[in-house]
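Engineer: coordinates for the following, if possible.
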Amino acid sequence: MSKGAAANISVVLAIVMWPLGAFGFLGMLGDPSPSLSQGQVWVQKALYGGVPVTVAFAFFVAAAWLSGFSFSAAKGRAIVSLILCSAYVAGVFWGAVLSPWLAL
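Structural biologist: As a prediction, the model looks like this:
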């Protein structure tokens, strides 16, 4: 794979990672209907929360690796991908660690 193509794929993965992560996060919010059984609630949380977040994390890892691989040939696209990945990590850190700590 050429480094230019790797940079393009890295940027695409970094862009697609954002809506997937947001959909997964929003899928985990809210209370389930009281008429649902525990098994149905688990499946709903896994499908609408766990799967998109897992895929977003896989896209993050792939985009970060491809960004590093293509940095020498396509610096601009690699930096854009790196910024998108870094902002995603900062957002996850803010939502998972800092927000609950600051709410105390």
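
Engineer: which helix is the longest one in this structure?
Structural biologist: helix 3-28 (DSSP state H).

Engineer: can you give me the buried ones in that one?
Structural biologist: Under the neighbour-count criterion of 16 or more other C-beta atoms under 10 Å, helix 3-28 has 3, 6-11, 13-14, 17-18, 20-21, 23-25, 27 buried. Placement of C-beta: from N, CA and C, glycine included.

Engineer: kindly report the same for stretch 78-91.
Structural biologist: So for stretch 78-91, counting by 16+ other C-beta under 10 Å, buried means 78, 80, 81, 82, 84, 85, 88.

Engineer: quick one: the fifth one and residue 36, what's the gap?
Structural biologist: Looking back up the chat, that one is residue 84. 36 Å (C-beta to C-beta, to the nearest Å).

Engineer: likewise residue 44?
Structural biologist: In terms of C-beta to C-beta, residue 44 sits 7 Å off from residue 36.
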